[in-house]
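[1] can you look at this prediction? I've put the sequence above it.
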Amino acid sequence: MKLFLISQRVNNDYDTYSDAVVRAETPEEAKRIHPNGTAVWGDAETEEGYTLATWADPRRVTVTLLGEAIDPTPGVVCAAFNAG
């Protein structure tokens, strides 16, 4: 399991996420994780736009490898939310 920084610069308004640190096996898996910790790209909620309004399409997400994770559970470690 690896640690990745995921970020987006598409939705920069209030009530959006800008970045998150996530645990995932691959950069592609990391791109599919929503910083809210509950949605994954492909979930009905994301496809309907509810969580997409607070994040970005995975094709627009930048992924940077940070290192190895000790915890083998995929998911969000921390996230930056721009509350309005």
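    Noted; the coordinates are in hand.
[2] what's the neighbour count on the closest residue to T73 other than its chain neighbours?
    Nearest non-adjacent residue to T73, counting by CB to CB, 6 or more residues apart in numbering: R23, 6.5 Å away. Where C-beta positions appear, they are placed from N, C-alpha and C, glycine not excepted. Look at R23: counted by other CB atoms under 10 Å, it has 21 neighbours.
[3] these two touch, right, R23 and E68?
    No: taking contacts as CB atoms under 8 Å, R23 lies outside contact range of E68: 9.8 Å.
[4] can you list residues touching both of those two?
    Common neighbours of R23 and E68 are listed as 1-3 (criterion: CB atoms under 8 Å, 6 or more residues apart in numbering).
[5] next SSE after the helix or strand of the chain with the lowest mean pLDDT?
    Ranked by mean pLDDT, DSSP states H and E, the helix or strand of the chain with the weakest confidence is helix 44-47, at a mean of 57. Scanning forward in sequence from helix 44-47 by DSSP states H and E, the next helix or strand is strand 62-68.
[6] can you list the buried residues in that next one?
    By neighbour count on 16 or more other CB atoms under 10 Å, the buried set for strand 62-68 is V63.
[7] can you report phi and psi for the residue lying closest to A24 once chain neighbours are set aside?
    Leaving aside its sequence neighbours, A24 sits nearest to A30 (CB to CB, 6+ apart; 4.0 Å). Dihedral pair for A30: phi -60, psi -40, per degrees, to the nearest 10.
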